[in-house]
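Enquirer: turn this into a model:
(one chain, ligands or ions: 2)
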Amino acid sequence: MTTREAKINLMGLSLPKMQAFFLELGEKPFRASQTLKWIHQRGVTDIDAMTDISKPLREKMKSVAEIRLPQITQEFRSADGSCKWIVQVESGSSVEMVFIPEAGRGTLCISSQAGCSLDCSFCATGKQGFNSNLTVAEIIGQLWWANQKLAGFGVKPAQEWSEDGKPAQNPRPVSNVVMMGMGEPLLNFENVMDALSLMMEDQAYGLSKRRVTISTSGVVPAIDRLKDFTDASLAVSLHAPNDELRNELVPINKKYPIKELLRSVSGYMEGLSDRRVPVIEYTLIAGVNDHRQHARELAVLLKDFPCKINLIPFNPFSLSDYRRPSSSSVSNFRQILHEAGYTVTVRTTRADDIGAACGQLVGEVGDNTRRSQRYRDAAEAQKENEQKFAVEQRSETAAEVTGKRFSRADNLAIEIDRPRRPSV
Ligand code: SAH
Ligand code: SF4
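Expert: Ligands and ions are numbered 1, 2, ... in the order given. Below you'll find the model as predicted:
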């Protein structure tokens, strides 16, 4: 192994794979925990800095392996503490990650693919098509970078965030991860599973399974086998109360209709050792799926399906004719579900001053599968806007720009808890 590309990237090895790596070198598996700690808890990317590993072993490691991270090409920090980073991956595409701090927690929204093949009608990532699957190192590298950028390593691990939401002194900044950036995580299954295992691994980031959430548009065969690989929390992008409407908004529904999807999700949840429920995500689009009747239908649909509902007012973007609903129609929709006994949250807009939503910009800037010049122009326009609002040059506060721009960062930081019993 002489070329850079041929070397194994230790950044992307889960604990079992790291153990296999050391076994192959003729070493003891406990070296794997040591190495994970150096990389993911101390932020070390230089094998020579791993001082509790002997020099000859380090030399051996360096001859076949290295530690490679994706590149951060841009950073935007919002007045409200939110951050967005543009991450360049080895395929040449760029993806986004977003950090949202809230009282008692810090949530990182991570991308799993550059682009997405599923083409949901309201999603900017879907509009750009699929470009590439992120590697394990590129997925976990986002969490590595967020820790590095927000606090540096060396602060306390994530367990220091107590379950009542109160942080211990000086905890790590990221307490929650949601796979809600660009891409469909379950279509990059193996890599996402390995990255999740590192997020929840005590020798690495040690995040609680309740605080790591996979969001899926409903890849049923993948949900069916999920329990064999992880016990992370689950969010399901439903967006419609019936198949006819969902076929239009989320085309994968034609293959795996709502009934099958809910059955599959129930199967996963029932296999978990604790009493968690999934989050149903419902993006409200004016005049499309936000009528009172849709809310009533949704209440009936989910009456035997324990869940929590997260309403996300649509985030407009230039390539879509859809509109964001008025706040009164959002609150009517919420009220109907609430009265039917559901626990409902509505995402409020955050990080307006750092521009376009998660997944709604860079795919067009850095993607090789752009569909048209029109898309490129729109992306350029969005980029200009974004730079205008970048923190260094910022002249308006987050509050002043509220209402002008919307962010898909709204979707973040979902809490998973038990709902009240639906009474429909
Ligand atoms: N592919 C996965 C995860 C990424 S999308 C999924 O579909 O669940 C994360 C969430 O953002 C999904 O619920 C998606 O429906 C929502 N979303 C995408 N575009 C949006 C937009 N323009 N406005 C509001 N929510 C959007
Ligand atoms: Fe892909 Fe999710 Fe966007 Fe649908 S909503 S196109 S599944 S990223």
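Enquirer: tell me which element Met269 falls in.
Expert: If you go by DSSP states H and E, Met269 is part of helix 258-270.
Enquirer: how about Ala20?
Expert: Going by DSSP H and E, Ala20 is in helix 15-24.
Enquirer: show residues contacting the next helix or strand after that helix.
Expert: Per DSSP H and E, helix 15-24 leads on to helix 30-36 as the next helix or strand towards the C-terminus. Applying Cβ atoms under 8 Å, 6 or more residues apart in numbering, the contact partners of helix 30-36 are 10, 13, 15, 18-19, 21-22, 50, 52-53, 57, 198, 201, 203-204. Quick note: C-beta positions are derived from backbone N, CA and C, even for glycine.
Enquirer: any idea of the mean pLDDT for helix 30-36?
Expert: Helix 30-36 shows a mean pLDDT of 97.
Enquirer: distance from the chain centre to that helix, please.
Expert: The chain centroid and the centroid of helix 30-36 are separated by 27 Å under Cα atoms, centre = their mean, to the nearest Å.
Enquirer: ok, now stretch 181-188?
Expert: In terms of Cα atoms, centre = their mean, the centre of stretch 181-188 is found 9 Å from the chain centre.
Enquirer: and if you look at stretch 250-268?
Expert: Relative to the centre of its chain, stretch 250-268 is centred 20 Å away, using Cα atoms, centre = their mean.
Enquirer: that one near ligand 1 anywhere?
Expert: No: using Cβ under 6 Å from any ligand atom, stretch 250-268 stays clear of ligand 1, coming no nearer than 7.6 Å.
Enquirer: hang on, the earlier thing: what about the helix holding Met269, near ligand 2?
Expert: No: Helix 258-270 stays clear of ligand 2 (Cβ under 6 Å from any ligand atom), getting no nearer than 12.8 Å.
Enquirer: pLDDT wise, what is the nearest residue to Lys28 once chain neighbours are set aside at?
Expert: Residue nearest to Lys28 in three dimensions, not counting chain neighbours: Phe22, with 6.8 Å by Cβ to Cβ, 6 or more residues apart in numbering. Here, the pLDDT recorded for Phe22 equals 98.
Enquirer: burial of Phe22, as a residue count?
Expert: Using other Cβ atoms under 10 Å, Phe22 has 21 neighbouring residues.
Enquirer: dump the residue contacts of Phe122.
Expert: By Cβ under 8 Å, 6+ apart, Phe122 lies in contact with His239, Leu249, Thr283, Ile285, Phe314, Ser320, Tyr322.
Enquirer: can you say which two of those are spatially most distant?
Expert: Maximum pairwise distance among the contacts of Phe122 (Cβ to Cβ): 14.0 Å, between His239 and Ser320.
Enquirer: of those two, which one has the most company?
Expert: Legend: neighbour count by other Cβ under 10 Å for His239 and Ser320, higher for His239 (29 against 16).
Enquirer: verify the contact between that one and Ile280 for me.
Expert: No: the pair His239 / Ile280 is not scored as a contact, 9.2 Å apart, by Cβ atoms under 8 Å.
Enquirer: which parts of this structure sit against ligand 2?
Expert: Cys116, Leu118, Asp119, Cys120, Cys123, Thr125, Gly126, Gly183, Glu184, Ser217, Ser237.
Enquirer: isn't there a strand covering the fourth one?
Expert: No: read with DSSP: H, G, I helix; E, B strand; the rest coil, Cys120 is coil and lies in no strand.
Enquirer: which residues touch it?
Expert: Cys120 makes contact with Gly126, Ser217, Ser237, His239, Leu249, Val250, Pro251, according to Cβ under 8 Å, 6+ apart.
Enquirer: between the residues you listed, which is nearest His294?
Expert: Taking Cβ to Cβ as the measure, His239 is the one of the contacts of Cys120 closest to His294, at 10.0 Å.
Enquirer: where does pLDDT dip in the stretch 101-250 of the chain?
Expert: Within the stretch 101-250 of the chain, the ranges that satisfy pLDDT under 70 run 153-171.
Enquirer: can you pull out the strands in it?
Expert: Here the stretch 101-250 of the chain has its strands, by DSSP state E, counting those that start in this stretch, at 105-109, 113-115, 130-133, 176-179, 212-216, 233-237.
Enquirer: out of the ones you listed, which is the most enclosed?
Expert: strand 113-115 (a mean of 29; mean count of other Cβ atoms under 10 Å).
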